[in-house]
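Engineer: sharing a model that was predicted from the sequence below.
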Amino acid sequence: VVGFQPGLTKMKLVVLVTGANSGIGLALCGRLLSEVPEGLQLCLACRNMHRAEVARSALLTSHPTAHITLLQMDTSSISSVIKAAQEVRLRYEHLDYLYLNAGIMPNPQLDVKAFFKGLFSSRIISMFATGEGILTQQDNVTSDGLQEVFATNLFGHFLFARELEPLLCHTHRSSQLIWTSSSNAHRSAFDLEDMQHRRGTQPYSSSKYASDLLSLALNTRYNKQGLYSSVICPGFVMTNLTYNILPSFLWTLLMPIFWLIRVFTHTFTLTPYNGAEALFCLFKQKPESLDPYAKYHSLTSGLGKNYTEPKKMDIDLEMSELLYKKLLILESHVKKKNSL
Ligand SMILES: NC(=O)C1=CN([C@@H]2O[C@H](COP(=O)(O)OP(=O)(O)OC[C@H]3O[C@@H](n4cnc5c(N)ncnc54)[C@H](OP(=O)(O)O)[C@@H]3O)[C@@H](O)[C@H]2O)C=CC1
Ligand SMILES: CC(C)CCC[C@@H](C)[C@H]1CC[C@H]2C3=CC[C@H]4[C@H](C)C(=O)CC[C@]4(C)[C@H]3CC[C@]12C
């Protein structure tokens with residue numbers, strides 16, 4: 001196990017970040033290490049170990065005394081998630097922070113007509129802030145027979161957190177689950193009868209809305225056991241996830257315009273460092289003080305100042321409970337199928 005030192009977990013805060021080898025996840029790791037250089041046992045959970053090694057080396061270059069371990073996990077694969085959770089249970093007695101950040105938006109398509117229509121409507125600011133109604137994706141099916149976006153962004157994380165329950169639930173010590181959701185999460189894209197979004201063209205929005213609902217249900221279930229869940233939106237950030245939407249030369253041309261747009265909507269955080277603001281902010285908050293109905297947004301002002309703002313989500317308890325029950329049924333189904 002790369003960088004693993006038994007006994008270390010007793011003194012340090014244990015933080016595990018999924019999708020930690022690039023973008024917002026990697027930026028968060030850098031920010032956490034700058035905040036608590038010595039007091040952190042950081043575990044980077046990544047599907048690609050080569051990229052994980054590169055990320056670990058980069059973090060160690062800027063934080064040479066940091067304790068960083070790696071964990072192989074593909075959140076879209078049931079067996080990989082179960083195996084990774086087993087490994088975490090062997091390594092640690094307790095997890096203080098579990099950042100559920102890995103995510104995909106495969107084959108994104110910009111609806112150019114809807115975009116230009118939106119440009120000349122009153123929806124313009126919200127269109128830029130959320131991307132609502134102008135982006136579609138083409139989903140795939142995993143070898144477990146699940147929709148890939150649902151499996152990667154939501155279900156793999158759900159299963160992982162459930163498998164880590166003994167490390168997350170303690171009456172004398174609190175733990176935090178922090179989901180990287182999105183302002184692109186919309187109720188209209190989500191259907192309880194089709195929670196994997198097999199039929200629609202907005203699996204990304206659906207999976208993020210599901211994570212907002214799930215976070216609420218987790219709070220209902222687990223707060224008494226010291227586990228708190230919250231969701232954040234990093235804003236619009238230039239990362240591998242968004243580069244795919246347009247050709248790279250167009251992004252370069254658009255950059256000055258994006259800096260200008262930031263004057264009107266602070267949601268254009270643009271860099272992974274800025275996007276990680278809300279994730280970093282929640283690290284410093286008492287979980288009991290957080291609002292389970294709020295999404296915490298990373299925002300960057302026209303002058304480049306970062307801050308975090310909570311906004312009420314369009315979710316309700318009844319729907320969150322129904323989703324939770326459906327996820328439990330799917331969990332027992334996939335475990336049975338994998339003979340677990
Ligand atoms: N960029 C943006 O504007 C926004 C991003 N977000 C969310 O932020 C999160 C981070 O994305 P971002 O940093 O932008 O994009 P990146 O593509 O840079 O990061 C995504 C991370 O998730 C990992 N990942 C993807 N699929 C899997 C998988 N099956 N198993 C394990 N890890 C996986 C990637 O690993 P690998 O290198 O192996 O692909 C990578 O480390 C995502 O959840 C995204 O939805 C939310 C709102 C806006
Ligand atoms: C001149 C045009 C071709 C410029 C098109 C710009 C759009 C491609 C982008 C404008 C706003 C962007 C987004 C906003 C919200 C993001 C959301 C929070 C998320 O989770 C994923 C990515 C976004 C939808 C992002 C995607 C690109 C834009 C629509």
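Structural biologist: That came through, no problem. Ligands and ions are numbered 1, 2, ... in the order given.
Engineer: which bits of the stretch 201-340 of the chain sit near ligand 1?
Structural biologist: Residues of the stretch 201-340 of the chain lying near ligand 1 by Cβ under 6 Å from any ligand atom: Cys233, Pro234, Phe236, Val237, Thr239, Asn240, Leu241, Thr242. The C-beta positions use only the backbone N, C-alpha and C, and glycine is treated the same way.
Engineer: from those residues, pick the one nearest Glu288.
Structural biologist: Cys233 (21.9 Å; Cβ to Cβ).
Engineer: next, give phi and psi for the closest one.
Structural biologist: The phi/psi pair for Cys233 (degrees, to the nearest 10) reads phi -120, psi 130.
Engineer: which of the residues in the helix or strand where Lys117 lies are buried?
Structural biologist: Per DSSP states H and E, Lys117 falls inside helix 112-119. Residues of helix 112-119 classed as buried: Gly118 (neighbour count, 16 or more other Cβ atoms under 10 Å).
Engineer: neighbours of the residue in the stretch 101-250 of the chain that ligand 1 sits nearest to, how many?
Structural biologist: As assessed by Cβ to the nearest ligand atom, ligand 1 sits closest to Gly103 within the stretch 101-250 of the chain, at 2.2 Å. With neighbours defined by other Cβ atoms under 10 Å, the count for Gly103 comes to 26.
Engineer: show the model's pLDDT score for it.
Structural biologist: For Gly103, the model assigns a pLDDT of 98.
Engineer: got it, and Leu8?
Structural biologist: 50.
Engineer: for Thr171, same thing?
Structural biologist: In this prediction, Thr171 carries a pLDDT score of 81.
Engineer: roughly how far does it sit from ligand 2?
Structural biologist: The gap separating Thr171 from ligand 2 is 36 Å, by Cβ to the nearest ligand atom, to the nearest Å.
Engineer: same deal with Lys335?
Structural biologist: Lys335 sits 30 Å away from ligand 2, going by Cβ to the nearest ligand atom.
Engineer: tell me how far the residue in the stretch 1-150 of the chain that ligand 2 sits nearest to lies from Asp314.
Structural biologist: Residue of the stretch 1-150 of the chain nearest ligand 2, by Cβ to the nearest ligand atom: Gly131 (2.6 Å). To Asp314, Gly131 is 16 Å away according to Cβ to Cβ, to the nearest Å.
Engineer: between these two, which has more neighbouring residues?
Structural biologist: Set Gly131 next to Asp314 and count neighbours by other Cβ under 10 Å: Gly131 wins out with 24 against 13.
Engineer: surely that one meets Asn184?
Structural biologist: Yes. In this structure Gly131 lies within contact range of Asn184 using Cβ atoms under 8 Å: 5.0 Å.
Engineer: for the one helix or strand Lys335 maps to, packing partners?
Structural biologist: For Lys335, the host element (DSSP H and E) is helix 317-337. Judged by 3 or more Cβ pairs under 8 Å, 6 or more residues apart in numbering; DSSP states H and E, the packing partners of helix 317-337 are helix 78-91, helix 156-163, helix 203-222.
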